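Asks: this one's sequence-less:
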């Protein structure tokens, strides 16, 4: 039986994973309750310099609502997290600190507009939907290339009638996948009611899923173990919006067609493909050819690192299953 050998001791600069998230992701957390989710990630990563954690409540309201909030915030700050309060999820793209930021992962766990009536009341459901709709609209403007928006939500009745996938579609997002949420994957995370006299109490989770969205303009991504087909024939209207795929389409075709091959000719061919990309970049109107080309190369490098990280994480999960 094969085994994927992995170092059990991480070096300080090595990528670390917590379920869907890693220490190299630029992460925005929205609607944090007592900030225990952010602290769970930071503790696993050993750092929070890649995390911006926000709440709708002010700092004073937070520490009144949640007994553990002050301590969680203090530890997160010591880990290097950026902590923002009074951030409205439906207007966050205009926040002075956030308006020029782009993120790899934007996460909103259990969005809720407050206990304003019976949860199965159609008017109450629509108020909740408006909150999620506003969040997704803002989040779609704040994603990096290959970024994802994650909404974790109950899927039992009446919460399933929020139709989270439909709300994503309305915000130019497409559902990448919907996966089961397990709170045990995030040690130290405590879900909170967040409203009313029992704000600091947990609510029953039962069945919950994490809905993962990507921009509709991006290529449709399969799961990390499936090869992405990027060919010149698939340079359709969705891809045209991304100059990296336009300029380097031969490079991506070549990478797909030679996947797993180790022949010596590959290196020279890759150079040729990149040279074609440079010539195509120079032909673009209104660009600085050299700087834009370098920026595109950095984007390709970033995409490659993400793919390698996803593959490694998937192999580790397979290895762990075989080891049990």
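Replies: Here it is on my side, so go on. In this text, all values refer to a predicted model and were calculated from it rather than measured experimentally.

Asks: use CA for all of it now, contacts and neighbours both
Replies: Will do.

Asks: I'd say residue 31 and residue 62 touch.
Replies: No. The pair residue 31 / residue 62 is not scored as a contact, 11.5 Å apart, by Cα atoms under 8 Å.

Asks: Report the secondary structure element holding the most centrally placed residue in the chain.
Replies: Geometric centre of the chain, nearest residue: residue 105, 2.2 Å, by Cα atoms, centre = their mean. Residue 105 belongs to strand 103-109 when assigned by DSSP states H and E.

Asks: Quick one: mean pLDDT for that strand?
Replies: What strand 103-109 shows for mean pLDDT is 97.

Asks: That one - contacts with which helices or strands?
Replies: strand 27-30, strand 143-154 (3 or more Cα pairs under 8 Å, 6 or more residues apart in numbering; DSSP states H and E).

Asks: Show me which residues of the helix or strand just after the last one are buried.
Replies: The first helix or strand that comes after strand 143-154 along the chain, using DSSP H and E, is helix 164-169. Counting neighbours by 16 or more other Cα atoms under 10 Å, one finds that the buried residues in helix 164-169 are 164-165, 167-169.

Asks: So which of the helices and strands packed on strand 103-109 is nearest residue 98?
Replies: Nearest to residue 98 among the helices and strands packed on strand 103-109 is strand 27-30 (9.5 Å), distances taken as Cα to Cα.

Asks: which other helices and strands contact that closest one?
Replies: Using 3+ Cα pairs under 8 Å, 6+ apart, the elements in contact with strand 27-30 are strand 51-55, strand 103-109.

Asks: As a markdown table, those strands with distance to residue 278 would be great.
Replies: What follows is the helices and strands packed on strand 27-30, written out as a markdown table (distance: least, Cα to Cα, whole Å):
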| stretch | distance to residue 278 |
| --- | --- |
| strand 51-55 | 34 |
| strand 103-109 | 26 |
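
Asks: Residue 86 is nearest to which of those?
Replies: When those are compared by Cα to Cα, strand 51-55 sits nearest residue 86, at 6.0 Å.

Asks: The closest one versus strand 103-109: what angle between them?
Replies: 30 degrees (axes from the mean of the first three to the mean of the last three Cα atoms, to 10 degrees).

Asks: Which neighbouring elements make contact with strand 51-55?
Replies: For strand 51-55, the packing partners by 3+ Cα pairs under 8 Å, 6+ apart come out as strand 27-30, strand 82-85.

Asks: Local confidence estimate at residue 312?
Replies: So, for residue 312, pLDDT stands at 77.

Asks: The host helix or strand of it to strand 143-154, inter-axis angle?
Replies: If you go by DSSP H and E, residue 312 is part of helix 289-323. Taking the same axes, to 10 degrees, one finds helix 289-323 and strand 143-154 inclined to each other by 30 degrees.

Asks: gap between helix 289-323 and the chain center?
Replies: Put simply, helix 289-323 sits 14 Å off its chain's centre (Cα atoms, centre = their mean, to the nearest Å).

Asks: So which bits of it are buried?
Replies: For helix 289-323, the neighbour count (16+ other Cα under 10 Å) marks 289, 293, 296-297, 299-300, 306, 309-313, 315-316, 319 as buried.

Asks: With that, I have no additional questions.
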